[in-house]
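Novice: Sequence and predicted structure below; questions after.
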Amino acid sequence: MEIKKFRNSYGLELIAASHANIMIGDLVWEPLIGAPAFSHPGMPSTIITAFLDADLIDEQAFSRFKKECAETPLIPAHLAEKNVDVNADLITELQHPVMGRIQGNFKLETISKFNFGELQVKEMTDLLRVRIDQYLEQMKEKKWKEYDGRIRRVSMITELYYGSISLIVEQSLSGEFEAALKHSGMDARSRSADSHSVAYSFDHGEVPFAMRIEKIRNFNG
């Protein structure tokens with residue numbers, strides 16, 4: 001499945017840069033042009049921070065809330081496709097840790113294809129959705145100025161998608177690629193080859209490649 005079809009089919013957004021510390025509840029700004037931004041000057045980075053700033057929760061509640069968001073468990077992603085084939089033109093934009101460590105020792109644009117498999121998801125729980133919705137209602141009622149001026153037009157991450165990554169390299173470049181792996185201190189989890197190319201598979205680590213975002217003003221617990 002190509003990433004454009006993936007986005008259209010599932011309503012997910014490609015995360016075009018590595019964000020190892022990204023979590024459920026983070027706020028996302030959608031520019032008119034370009035990739036979504038995960039920060040904005042003077043604005044809260046997470047929905048929990050917005051509640052803290054509005055004095056709806058205290059520091060202890062903030063820490064518990066943040067811990068719950070950060071520890072959202074990974075579960076199998078029940079998508080129609082088991083693998084997501086991504087246009088190789090996007091490989092330098094994704095800045096996935098695997099590619100980031102190889103880059104500089106190998107020309108990423110020579111990679112023929114890459115995809116994500118073994119798809120898993122961190123999904124905002126129903127209980128968390130209800131609690132966030134309740135605080136949003138309080139914010140609308142008691143702190144409208146903060147709500148309207150800071151988060152009403154912003155989106156929030158409610159799902160994060162992870163997967164093992166596979167890269168396909170032409171046989172003629174496999175020696176150079178192996179040297180780049182050795183130099184970076186990495187090793188592929190598995191390799192498979194045919195007469196024309198070699199496929200390398202790596203674990204997904206802790207960095208998501210796609211997300212589902214929902215507009216705060218439309219959010220419903």
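Specialist: Ah, there it is.
Novice: what does the longest helix belonging to the chain rub up against?
Specialist: Determined from DSSP state H, the single longest helix within the chain is helix 126-142. For helix 126-142, contacts defined as C-beta atoms under 8 Å, 6 or more residues apart in numbering pick out 24-25, 47, 50-51, 54, 56-57, 68-69, 72, 124, 146-147, 151, 156, 158, 216, 219-221. In this view, the C-beta of every residue, glycine as well, is placed from N, C-alpha and C.
Novice: And stretch 9-17, by the same measure?
Specialist: Applying C-beta under 8 Å, 6+ apart, the set of residues contacting stretch 9-17 is 1, 3, 6-7, 22, 35-36, 79-80, 86, 90, 93-95, 159, 161, 208-213.
Novice: and the longest strand seen in the chain, which strands flank it?
Specialist: Looking across the chain with DSSP state E, the single longest strand is strand 155-170. Strand pairing for strand 155-170, using DSSP bridges, gives strand 27-28 (antiparallel), strand 113-123 (antiparallel), strand 197-202 (antiparallel), strand 210-215 (antiparallel).
Novice: If you count neighbours, what's buried in it?
Specialist: 155-169 (16 or more other C-beta atoms under 10 Å).
Novice: before we move on, the earlier item: buried ones among the contacts of helix 126-142?
Specialist: Counted by 16+ other C-beta under 10 Å, those give 24-25, 47, 50-51, 54, 56-57, 68-69, 72, 124, 146-147, 151, 156, 158, 216, 219 as buried.
Novice: quick one: the helices in this structure?
Specialist: Going by DSSP H, the chain shows helices at 3-10, 47-53, 59-70, 91-94, 97-102, 126-142, 144-146, 174-184.
Novice: which other helices and strands contact the last one?
Specialist: Helices and strands touching helix 174-184, by 3 or more C-beta pairs under 8 Å, 6 or more residues apart in numbering; DSSP states H and E, are helix 97-102, strand 197-202.
Novice: That one: which residues count as buried?
Specialist: Across helix 174-184, burial judged by 16+ other C-beta under 10 Å covers 177-178, 180-181, 184.
Novice: now the angle from that helix to strand 197-202?
Specialist: Helix 174-184 runs at 20 degrees relative to strand 197-202, counting by axes from the mean of the first three to the mean of the last three C-alpha atoms, to 10 degrees.
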